[in-house]
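A.B. asks: How does the following fold in three dimensions:
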Amino acid sequence: MTKITDYQIKHAYINGQPIMYKLFVKSTLNSYIKVTKNNEIHVVVSKWMSEKVASDFIKKNILKMHTHIVNKQNKQLIDPNFNYIYLLNERYEISSLLTNYRRKYEIIGKKIYLHCNKTSDKLFLIKKILLQYCQNVIPNMFTKWEKRMNLKANLSFKWMTSKLGVCYSSSKKIVISLRLICCRKEAIDYLIVHELSHLIHPHHQKPFWNYVSSLIPNWKEIRQEVTKYW
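C.D. replies: Below you'll find the predicted structure:
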């Protein structure tokens, strides 16, 4: 096998289907395959591994990695190319229209029409739609849980990509990601309870999870579902 200092672009053919991956040959005893955050397949093999053994290793594992990427993409609630979006777990198709209107959107049935041209404008309008839905739906749900838990906090919304919610227990402020409105209401309930619970237990230790469980018994299933999307 050719020694390389960086990587090579390769293709594996599984049932006639080409699967692209980046091959790294390193001075390591362990070989592995991983999927990056950008949905790229990286194959790392030992420079002492024979070409046949490396080829068998790749063929054995690469289809599983490719399937993982496809499943992840199918579960995305906001399409990276803005062809669709989920609102309260219902899919809306997105169409971009070139009109005289600048940065305007319309929702007709399960179709969203974006009056814009640039990708940055699309994201701006998507955030605006998410904020509208958050403001229309979540405050009433939030108040319901505040009363049930006998707690009070200031609620706000923000575009966040790494978290769905944050609790600032010292200032009793809870920030919820705009992306949460993509999920079903049961997931929103869980996130609200999760963040409000931090006002009592500002950690993720056993007392915290016991308290969450007393209010949302199936929180583990909901949490697992939500993390698959993001």
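
A.B. asks: OK, contacts around the nearest residue to residue 222 once chain neighbours are set aside?
C.D. replies: Among residues not flanking residue 222 along the chain, residue 190 sits closest, at 4.5 Å (Cβ to Cβ, 6 or more residues apart in numbering). All C-beta atoms are positioned from the backbone trio N, CA, C, and that covers glycine. For residue 190, the contact set (Cβ atoms under 8 Å, 6 or more residues apart in numbering) comprises 216, 219, 222-223, 226.

A.B. asks: quick one: residue 166 is in a strand?
C.D. replies: Yes. Applying DSSP: H, G, I helix; E, B strand; the rest coil, one finds residue 166 inside a strand.

A.B. asks: Which residues does it form beta bridges with?
C.D. replies: residue 175 (DSSP bridges).

A.B. asks: And the pLDDT at it?
C.D. replies: For residue 166, the pLDDT comes out at 96.

A.B. asks: dump the residue contacts of it.
C.D. replies: Contacts here follow Cβ under 8 Å, 6+ apart; on that basis residue 166 touches 160, 174-175, 195.

A.B. asks: Skip ahead from the longest helix anywhere in the chain and say which helix or strand is next.
C.D. replies: Ranked by residue count under DSSP state H, the longest helix found in the chain is helix 119-149. Counting by DSSP states H and E, the next helix or strand C-terminal to helix 119-149 is strand 154-158.

A.B. asks: and the contacts of residue 190, which are buried?
C.D. replies: 216, 219, 222-223, 226 (16 or more other Cβ atoms under 10 Å).

A.B. asks: on that earlier part again, any chance of TSV for the contacts of residue 166, columns neighbour count and distance to residue 108?
C.D. replies: Shown next, in TSV, are those (neighbours: other Cβ atoms under 10 Å; distance: Cβ to Cβ, whole Å):
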residue	neighbour count	distance to residue 108
160	15	29
174	24	33
175	17	31
195	23	34
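
A.B. asks: any chance of those in JSON lines, plus distance to residue 85 and pLDDT?
C.D. replies: What follows is those, written out as JSON lines (distance: Cβ to Cβ, whole Å; pLDDT from 0 to 100):
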{"residue": "160", "distance to residue 85": "16", "pLDDT": "90"}
{"residue": "174", "distance to residue 85": "24", "pLDDT": "98"}
{"residue": "175", "distance to residue 85": "21", "pLDDT": "98"}
{"residue": "195", "distance to residue 85": "23", "pLDDT": "97"}
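
A.B. asks: Using TSV, lay out these together with distance to residue 112.
C.D. replies: As requested, the contacts of residue 166 are exported to TSV (distance: Cβ to Cβ, whole Å):
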residue	distance to residue 112
160	22
174	28
175	25
195	28
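
A.B. asks: which secondary element of the chain has the worst mean pLDDT?
C.D. replies: Least confident helix or strand, the chain: helix 51-74 with a mean of 80, by mean pLDDT, DSSP states H and E.

A.B. asks: Determine the set of other helices and strands touching it.
C.D. replies: strand 8-14, strand 17-26, strand 32-35, strand 41-46 (3 or more Cβ pairs under 8 Å, 6 or more residues apart in numbering; DSSP states H and E).
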